[in-house]
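>>> okay, here's the prediction I keep looking at, along with the sequence it came from:
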2 protein chains.
Amino acid sequence: MNIVVDIPNYEPHRWLEPIQRALSEHRVFDAADLNGVGLHSIDAAVVGWSDSYRLDRFPNLRFIQSTFMGVDRLLRDPTIDPAVPIARMVDPDMPVSMTESVLAHVLFAHRQLDVYRRQQSDAEWIERDQPLARDVTVAVLGMGELGRMAAAALRSVGFRVVGLSRTGAAVDGVEVSTSIDTVLSHANIVVNLLPLTDETIGILCARTFAMLPVGSVIINLARGAHLVDTDLLDALSRGHIRHAILDVFTTEPLPAVHRFWHHPQVTVTPHMAAMSTPESCVPVIVENLRRFDRGEHPLHLVDRNIGY
Amino acid sequence: MNIVVDIPNYEPHRWLEPIQRALSEHRVFDAADLNGVGLHSIDAAVVGWSDSYRLDRFPNLRFIQSTFMGVDRLLRDPTIDPAVPIARMVDPDMPVSMTESVLAHVLFAHRQLDVYRRQQSDAEWIERDQPLARDVTVAVLGMGELGRMAAAALRSVGFRVVGLSRTGAAVDGVEVSTSIDTVLSHANIVVNLLPLTDETIGILCARTFAMLPVGSVIINLARGAHLVDTDLLDALSRGHIRHAILDVFTTEPLPAVHRFWHHPQVTVTPHMAAMSTPESCVPVIVENLRRFDRGEHPLHLVDRNIGY
């Protein structure tokens, strides 16, 4: 088996070399250095986050392994034959990292640290009424690997958790619904962990904000295109949304001129909620390449009909 | 039994009236309205947070119930006869509220949200290396009602927890020590929940900061006098301490001219980490007053020798 690794902006030795070591009976090539490599000979590709894939260079490609969980860019890439199976990255540390981010941001919102930060700017000493977590409802949008672990952690801190799920499958301790209207109607804090699909694009918009109680907080840790930026700015200015914590943006890095950067009701973080490391991903990649090589089904294959 | 209630800055009907309703066979007076009340007739006092108690007005006072857990002000008040027993407030919601604050602040520090907030001010998009909680050590100073519950919650999120305890008594899952040097030597994040006593005053100072690894974060949720402000400012400016989250101050409200207000490495909150509400305190007060009336030991009596 011949494998190409195309992960922009990463040091090749952190990805390519450990994959080659683990798969010593196969050949692993760096996509940035294909001089002398027969492009027809490439069977599988390991690909990272990129603006432009050029996978049509490899006419005999039969398997693509993503290093990202969200494969929305791969699914709409014109250089990828829809018949080639794609596997999402589900590495064991990624839901752990995302859960820690969710807890950090939800507790920040819950303890009104956004309000106290603004008070600090004005040297204002005002104690606010403070509910306990047991009297606060957190809506988790997406009940996949990330949403289920985050919901369990939020439950253990004491929050009431409602969850939006495409399938409606039961999740322990979570009130699951397939209707976003139902999920948002009592939510004080909303955490978006959805995959980006035709159904979920623009889901955080004026229509859905209107369902939330006044003073809610939005936390978007999924994809920038889930959010309609102008609708959020409007809801913030009216105070219907008290604060937004945004880790993902339609254009990344967030352009320096974007209004979010200096908005007092917006927390901006640089797509850091759950970073995958080679240390946790490479064993998953190697296992899936071995399955492909043996003619078995790789794990976490994407279903193009549902979009993830 | 005649009881006086002296809780400044609170609406009397939220404290005095429910106490009177529960103790209808006794008389409950408002300290702000003692006209015509025989001061000799007062047996017990329920007191809040005050700069100046005048409890020597009641020569036959035999029991004092605090509405605060930290009784340091009562212990050094010259109008209180040291022979009169004092009970601290340990209401069931207070450790819950404090634990939620501890989690919020520790996760804020852990996910480097202080660093990202400063980056946001400069519209800087830089991803930082991010450890998982399992690779981070949190030191909890104080293993009383608050420290034990906070430590358990931190453990369940995944942090390694070390604890400073006066007695050294074992706490499940926590590496307990009676030596602050031992506790601080590997701590990435320090949470202070100590009572203020002769032993703990000024405990957060240049000497103890020097034991911490470079880049640690200090979270003070106990009393302002635990911290030597100038030592903290020095450690922040050298970067030895990356950030400080301060809820308590030597003078409260924090004076508008204090350097903490506008320091980029300091988060200021207005003594809100764990507010007691009448709803959760009044049942505890009533139970203790009944015990006193029956000649039994009230709960949570202060030991003046250890200072809490």
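Perfect, I can see it now. Every value quoted in this text rests on a predicted model; they were computed, and no experiment measured them.

>>> chain center to the helix or strand bottoming out on mean pLDDT in chain A, what's the gap?
Within chain A, no helix or strand scores below helix A:12-22, which has a mean of 92 by mean pLDDT, DSSP states H and E. From the chain centre to the centre of helix A:12-22 is a distance of 25 Å (Cα atoms, centre = their mean, to the nearest Å).

>>> list the buried residues for it?
A:W15, A:L16, A:E17, A:P18, A:I19, A:Q20, A:A22 (16 or more other Cβ atoms under 10 Å in any protein chain shown). Backbone N, C-alpha and C define where each C-beta goes, glycine included.

>>> and the third one, how far from B:C205?
Using Cβ to Cβ, to the nearest Å, A:E17 is found at 48 Å from B:C205.

>>> that older thread, what is the mean pLDDT for the next helix or strand along the chain from the least confident helix or strand of chain A?
Using DSSP states H and E, the helix or strand that follows helix A:12-22 towards the C-terminus is strand A:27-30. Predicted confidence along strand A:27-30 averages 96 (mean pLDDT).

>>> and if you look at stretch A:300-308?
For stretch A:300-308, the mean confidence score works out to 95.

>>> got the contact list for it?
The contact list for stretch A:300-308 (Cβ atoms under 8 Å, 6 or more residues apart in numbering or on different chains) reads A:70-72, A:74-75, A:82, A:85-90, A:144, A:166, A:195-199, A:288.

>>> how about stretch A:208-220?
A:102, A:105-106, A:109, A:114, A:180-181, A:184-192, A:204, A:226-227, A:231-232, A:235, A:239-248.

>>> still on that earlier bit, tell me, which of the contacts of stretch A:300-308 make contact with chain B?
Here nothing survives when the contacts of stretch A:300-308 are matched to chain B using Cβ under 8 Å from any Cβ of the partner chain.

>>> in ChimeraX, select just the buried ones from those.
Of the contacts of stretch A:300-308, the buried ones can be selected in ChimeraX as follows, counting by 16+ other Cβ under 10 Å:
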select /A:70,71,72,74,75,86,87,88,89,90,144,166,195,196,197,288
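
>>> which ones among the contacts of stretch A:300-308 are found in strands?
A:I86, A:A87 (DSSP state E).

>>> from the contacts of stretch A:300-308, which land in helices?
Assigned to helices by DSSP state H, the following of the contacts of stretch A:300-308 qualify: A:D72, A:L74, A:L75, A:N288.

>>> can you tell me which of the residues you listed lies nearest to chain B?
A:D72 (19.9 Å; Cβ to the nearest Cβ).

>>> got a list of what the nearest residue to the closest one once chain neighbours are set aside touches?
For A:D72, ignoring the flanking residues on the chain, the nearest one in space by Cβ to Cβ, 6 or more residues apart in numbering or on different chains is A:L196 at 3.9 Å. Taking Cβ under 8 Å, 6+ apart, we find A:L196 in contact with A:G70, A:D72, A:A222, A:R223, A:A225, A:H226, A:G307.

>>> tabulate those residues (a markdown table), appending secondary structure.
Shown next, in a markdown table, are the contacts of A:L196 (DSSP: H, G, I helix; E, B strand; the rest coil):
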| residue | secondary structure |
| --- | --- |
| A:G70 | coil |
| A:D72 | helix |
| A:A222 | coil |
| A:R223 | coil |
| A:A225 | helix |
| A:H226 | helix |
| A:G307 | coil |
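
>>> what is the nearest of these to A:D56?
A:D72 (19.1 Å; Cβ to Cβ).

>>> are we agreed that A:V284 is in a helix?
Yes. Secondary structure of A:V284 (three-state DSSP): part of a helix.

>>> mark which of the contacts of stretch A:208-220 are part of strands, please.
Judged by DSSP E, the subset of those located in strands is A:I189, A:V190, A:V191, A:N192, A:I241, A:R242, A:H243, A:A244, A:I245, A:L246.

>>> check those residues and tell me the two furthest apart.
Among those, A:N192 and A:R242 lie farthest apart (Cβ to Cβ), at 16.3 Å.

>>> so between these two, which is more surrounded?
A:N192 (24 against 19; other Cβ atoms under 10 Å in any protein chain shown).

>>> what is the longest helix belonging to chain A packed up against?
Secondary structure of chain A read by DSSP H shows that its longest helix is helix A:93-110. For helix A:93-110, the packing partners by 3 or more Cβ pairs under 8 Å, 6 or more residues apart in numbering or on different chains; DSSP states H and E come out as helix A:145-157, strand A:189-192, strand A:216-220, strand A:241-246, helix A:278-293, helix B:93-110.

>>> rerun at 6 Å
helix A:145-157, strand A:189-192, helix B:93-110 (3 or more Cβ pairs under 6 Å, 6 or more residues apart in numbering or on different chains; DSSP states H and E).

>>> avg pLDDT for that helix?
97.

>>> which residues touch that helix?
A:136, A:138, A:145-146, A:149-150, A:153, A:189, A:191, A:217, A:219, A:245, A:273-274, A:276, A:280, B:103-104, B:107-108, B:111, B:132-133 (Cβ atoms under 6 Å, 6 or more residues apart in numbering or on different chains).

>>> A:R291: what's it in contact with?
With Cβ under 6 Å, 6+ apart, A:R291 has these contacts: A:P298.
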